[in-house]
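[1] coordinates only, no sequence provided:
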């Protein structure tokens, strides 16, 4: 089911699609591929929206920086000094998170209107990113499929092909608060991560290497309160996989709601939304962004994000919902 959601200043219409299955209702926008809401029951069967979002299009246009629920690309997270080398050529990017490039630049995938078509219990979103868009080389054809599984899990599958060597790192930027609206912040949620290592960062949030989480505040191998002060990439123990493997669990002890995250990706960015900005308060949600590592195009020792003609970029993440 779809409905008109608003109109951009250039006259482009934006539509909202609703998916429902197994007691879960998800609303997705053609603008930015945004997951506007995910409604799931608590342990008593009471349903509430567990992701942060705005009620109308104007909210997203007025507050773009949190990337609420959006598809992020061409490159999720940061690229140091807004440039990267590839095949002997250095490509300059927009320093929209000075001095770095963040989440695809000034007008990344989160600010584009996608083509949307229903597919089974889901939606297929597509767009073509032209050669040179935001400084990235190659014409990139992208498809992202949102699908509600029989269990009520939300599966997001990404694919992309290019006509020239480029770099790609796609994710979804939903912020979760399993207590629902008006429940307070997500800092009291309990987080478990299958990650024995993480990437420490400098003052500009660029990785400086890889370190062990043991005996540090980054050790979430046993579930504990997520708290605050995190905007870091965790190195998942499983590495890159062909099919999604469960790597994270977020639990709200008050409502009983549980979020599980399974992914093919080698990393997950945990952001506790300490600088979320109005109209939200710090810590109102927590983002679990499955991804390749920040600044990988400048770090050959990290898993590669290069994509070449004839190859297919594939990534898949599954968000599961339950209560206990």
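    Perfect, thanks for sending it. Since the structure is predicted, the reported quantities are computational estimates derived from the model, not experimental observations.

[2] beta partners for residue 317?
    According to DSSP bridges, the partner residues bridging residue 317 are residue 156, residue 263.

[3] show me the contacts for it.
    Contacts for residue 317 (C-beta atoms under 8 Å, 6 or more residues apart in numbering) come out as 155, 156, 171, 172, 244, 261, 262, 263, 264, 265, 290. (Glycine included, C-beta is placed from N, CA and C.)

[4] between the residues you listed, which is nearest residue 255?
    When the contacts of residue 317 are compared for distance to residue 255 (C-beta to C-beta), residue 261 wins out at 18.0 Å.

[5] how confident was the prediction at the closest one?
    Residue 261 carries a pLDDT value of 99.

[6] pretty sure residue 287 sits against residue 273.
    Yes - assessed by C-beta atoms under 8 Å, residue 287 is found in contact with residue 273 at 6.7 Å.

[7] related to what we said a few turns ago, need the contacts of residue 317 in CSV with neighbour count and distance to residue 213, can you?
    Converted to CSV, the contacts of residue 317 look like this (neighbours: other C-beta atoms under 10 Å; distance: C-beta to C-beta, whole Å):
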residue, neighbour count, distance to residue 213
155, 19, 28
156, 25, 26
171, 30, 21
172, 27, 24
244, 21, 22
261, 23, 17
262, 20, 20
263, 27, 18
264, 20, 22
265, 28, 18
290, 28, 18
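
[8] between those residues, which is nearest residue 140?
    Closest to residue 140, out of all of the contacts of residue 317 and judged by C-beta to C-beta, is residue 171, at 15.4 Å.

[9] just give the closest residue to that closest one, not the sequence neighbours.
    For residue 171, ignoring the flanking residues on the chain, the nearest one in space by C-beta to C-beta, 6 or more residues apart in numbering is residue 76 at 4.1 Å.

[10] that neighbour - how many residues pack around it?
    28 (other C-beta atoms under 10 Å).

[11] try residue 216
    Applying other C-beta under 10 Å, we find 10 residues neighbouring residue 216.

[12] please apply the same query to residue 135.
    18.

[13] the one 5 residues further on too?
    Other residues lying near residue 140 total 24 when counted by other C-beta under 10 Å.

[14] again with residue 58
    By other C-beta under 10 Å, neighbour count at residue 58 equals 10.

[15] does it count as helix, strand or coil?
    Three-state assignment for residue 58 (DSSP: H, G, I helix; E, B strand; the rest coil): helix.

[16] kindly report the same for the one 10 residues further on.
    Reducing the assignment at residue 68 to three states with three-state DSSP gives coil.

[17] pretty sure it is touching residue 53, no?
    Yes - if you go by C-beta under 8 Å, residue 68 and residue 53 touch, sitting 5.5 Å apart.

[18] list residues touching both of those two?
    By the contact definition C-beta under 8 Å, 6+ apart, residue 68 and residue 53 are jointly contacted by residue 34.
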